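>>> quick one, what's the 3D model for this:
(one chain, ligands or ions: 1)
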Amino acid sequence: MLSTMQDDQLSLAHLLQYGARMHGDTEVATWTGSGSRRTTFGQVAKRAAQLAHALRELGVTDDQRVGTFMWNNAEHLECYLAVPAMGAVLHTLNIRLFPEQLTYVANHAEDHVVVVDGSLLPLFAKQLPEMKTVRHVIVANGDAAALEAPSGVTVHSYEELLAGRPETFDWPEIDERSAAAMCYTSGTTGDPKGVVYSHRSIWLHSMQICMTDMMRLTDSDRALVIVPMFHAMSWGMPYAAFMIGTSMVLPDRFLQPAPIAEILAAEKPTFAGAVPTIWQGLLQHLDANPQDISHLREVVVGGSAAPPAMMHAFEERYNVSVLHAWGMTETSPMGSVARPPSGATGEEAWRYRYTQGRFPALVKARLVDDEGNEVPWDGKSVGELEVKGPWITGSYYGGADPDKFHDGWLRTGDVGRITPDGYLTLTDRAKDVIKSGGEWISSVDLENAVMGHPAVAEAAVIGVPDEKWGERPLVAVVVREGEQVTAEELREFLRDKVAKWQLPENWTFVSEVPKTSVGKFDKKRLRAAHAEGKLDVAHL
Ligand code: ADP
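Next up is the predicted model:
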C-alpha cells in the first residue's frame, strides 16, 4: 500500500525562496583584502532571480551547463542558487586544474556559459579558445572589456547583465532527481571524472550536515567558508547555511595564512572549514603572530588526514576545537565526522577524534578485502571502504570508470578499519599502500607521527622499491622555518611511536611537499621525483 504523504519535490528553488524569506537579513560578507563587502540572503536571492532572467535571455534552457570559474564570493553564491533553481546545471570549474584538465572538463560537461571572476581572466583567457561549447562568458568583479573573445563567444559584464531585471523569477517545478550541479574530481588518481548532484541529494546532504552528529550549524553561527566553492561544493556549506540561516564569510582570493588571520580578527566567525594544509599554514602564522581566535567554536578539517599534533595545537594553544571529517567529491562530500560518542572524555575522546569519524544515518558503509568479501568491523581488520546512500554517486557522468562501483556501492579507493561502534580509521589510499615484507605499513600513521615533532611543518610518506623487503617507506620532510632537525633525530623520535620494523630508514628533506589542485599531498609527483632520482635521500 502506498503512503498518504505528499510527493513534494526537494528543489533548490524552494531552498532559495525559503532562505530568502526566513533568513532574509542574514549576512554574507566577502573579503576584499581590506575589510568586507556585505550583502544579505534576501539580496542574494533577488540578484539570483536577476541572474536567472539574464541566463534565460542568453539561451540557457533545460539542463544546460553554466560553468563558474570563481573564488568564494557573493556572486558565486548567486550562481550556486540561480542556476539549479532555474533548472539548469551549475558546473563549478576548479581554477587550479592543469590547463589540459580544465579544458577537458569544460568540454566534457559541455558548458554553454561560464561566469568568471575578473581576477582570474588572464588564467581563463588562455583556456577559452579550447573550450568548444562555450558561447557566453560573464565577467564578475572585473572588466569584461579586458577579455578578448574568440569568434562565436560573447563577453558580458555580470553587473550590466543583471541591472534593471526583475528581482523575482517564476522558478520552474523541478523533479528532485534531476541534475542540479556537477563537480569533477580533482584527478589525484587519474583523469577528472564528473559527479552530478541532484536537487534531492543536495537537500538531504544539507539537512544532515547541520545535524548534531555533523557540523551542528545554526542561525547563530557565522561560517568562514575557506574550502573552495569549486571543490566538492565547499563541502555543502553554502546550501546548508542558506537553509538554516548561518551567516557566511567568504574569503574570495585571500587564502594565505596572513589574510585568513586578518579575516578571523575582523569577522570573528564561529565556524570554519578547510583542508589540513590551510590549517597548518595558519598555525605556523599564529605561532609567529599570536592572536585570539577563540571565537571559533569549531573548525572542520578534511580532504586529507588531520595530523593529531595539529589538532592538539589548535585546542591547547588557541582554545579551538578541531573536528575531523572524511569525504569525497563522489560523496557530496560529507561521509563521516569524528565526534566522540557522548560520555567519552580525556584520552578516550581524543582517540575517537583522531579517526576519520562515524557515518551518519544515511551513509551505509562496508569494508571489502581483495577477494571482494566483507571484513568485520572489529577495529583491526583492514579493507577497502565502500559506501552507499542518497548523496553518494552511483556512476560518473558519461559512464567513466565503471570499476569504481561494486554491486551498487561506490568503491572509495580508501583503505582502513572500522570499530564495532562505527568509527572509521583510514590508513591509506589503495594506490598509496606500502607493503613491506608482506606486512602493511600505514603511510598516514607514519606521517602523523613525524608531524608530531615540533621542528616538522609537513611530512609525506611514500613506498619505494626495496630489494630485501619489496617496499620500504620514504619520508619527505619539510622543516619549520627557523628550526633544524636531522633524519637520525626524527627516527629516534619515532622509536616509541611506531613498531620497530616500521621505522623508516629512507629520509629526504624538501622545501615543500608537492600538492594537488586542492592542496593535498601529491604522492604521484613525489614518487616520480624519487624515480627520476631528483630527491636527495639519506639511508640510515
Ligand atoms: P581527489 O580524489 O581527486 O583527491 P577528493 O577531494 O574528492 O578528490 O578526495 C577524496 C579523497 O580524499 C578521499 O577518497 C580520501 O582519500 C581523501 N580524504 C578525504 N578526507 C580525508 C580524511 N579526513 N583523512 C584521510 N583522507 C581523506
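
>>> and the strands in the stretch 201-350 of the chain?
Secondary structure of the stretch 201-350 of the chain (DSSP state E, counting those that start in this stretch): strands located at 222-225, 247-250, 271-274, 298-301, 321-327, 334-337.

>>> deepest of these, which one?
Compared across the strands of the stretch 201-350 of the chain, strand 334-337 shows the largest average neighbour count, a mean of 27 (mean count of other Cβ atoms under 10 Å). The way it works is simple: take the backbone N, C-alpha and C, and place the C-beta from them, glycine included.

>>> so which of the strands of the stretch 201-350 of the chain is nearest D522?
D522 lies closest, by Cβ to Cβ, to one member of the strands of the stretch 201-350 of the chain: strand 271-274, at 17.9 Å.

>>> outside of the closest one, which residues touch it?
215, 217, 221-227, 234-235, 237, 246, 296-302 (Cβ atoms under 8 Å, 6 or more residues apart in numbering).

>>> so which of the residues you listed also contact the ligand?
G302 (Cβ under 6 Å from any ligand atom).

>>> does R37 sit in a helix, a strand or a coil?
In three-state terms, and counting by DSSP: H, G, I helix; E, B strand; the rest coil, R37 is strand.

>>> please begin residue numbering at 11 from this point
Okay, residue one is now 11; in that scheme the one you just asked about reads as R47.

>>> what's the pLDDT at it?
For R47, the model assigns a pLDDT of 98.

>>> K445 now?
Predicted confidence (pLDDT) for K445: 82.

>>> and stretch 526-540, how far apart are its ends?
For stretch 526-540, the first and last residues are 17 Å from each other (Cα to Cα, to the nearest Å).

>>> check which residues of that stretch are buried.
Residues of stretch 526-540 classed as buried: 526-534, 536-537, 539-540 (neighbour count, 16 or more other Cβ atoms under 10 Å).

>>> among these, which pair sits farthest apart?
Spatially, the most separated pair among the buried residues of stretch 526-540 is V528 and H540, at 22.7 Å (Cβ to Cβ).

>>> ok, residues contacting the helix or strand bottoming out on mean pLDDT in the chain?
In the chain, no helix or strand scores lower on mean pLDDT, DSSP states H and E than strand 449-451, which sits at a mean of 82. Residues from elsewhere that reach strand 449-451 (Cβ under 8 Å, 6+ apart): 392, 437-438, 443-445, 473, 483, 511-512.

>>> what about 10 Å?
Strand 449-451 is contacted from outside by 392, 425, 437-438, 443-445, 471, 473, 479-483, 508-509, 511-514, using Cβ atoms under 10 Å, 6 or more residues apart in numbering.

>>> ok, of these, which come out buried?
Listed as buried from the contacts of strand 449-451 are 392, 425, 437-438, 443-444, 471, 473, 479, 481-483, 508, 512-514; burial here means 16+ other Cβ under 10 Å.

>>> buried set for the least confident helix or strand of the chain?
For strand 449-451, the neighbour count (16+ other Cβ under 10 Å) marks I451 as buried.
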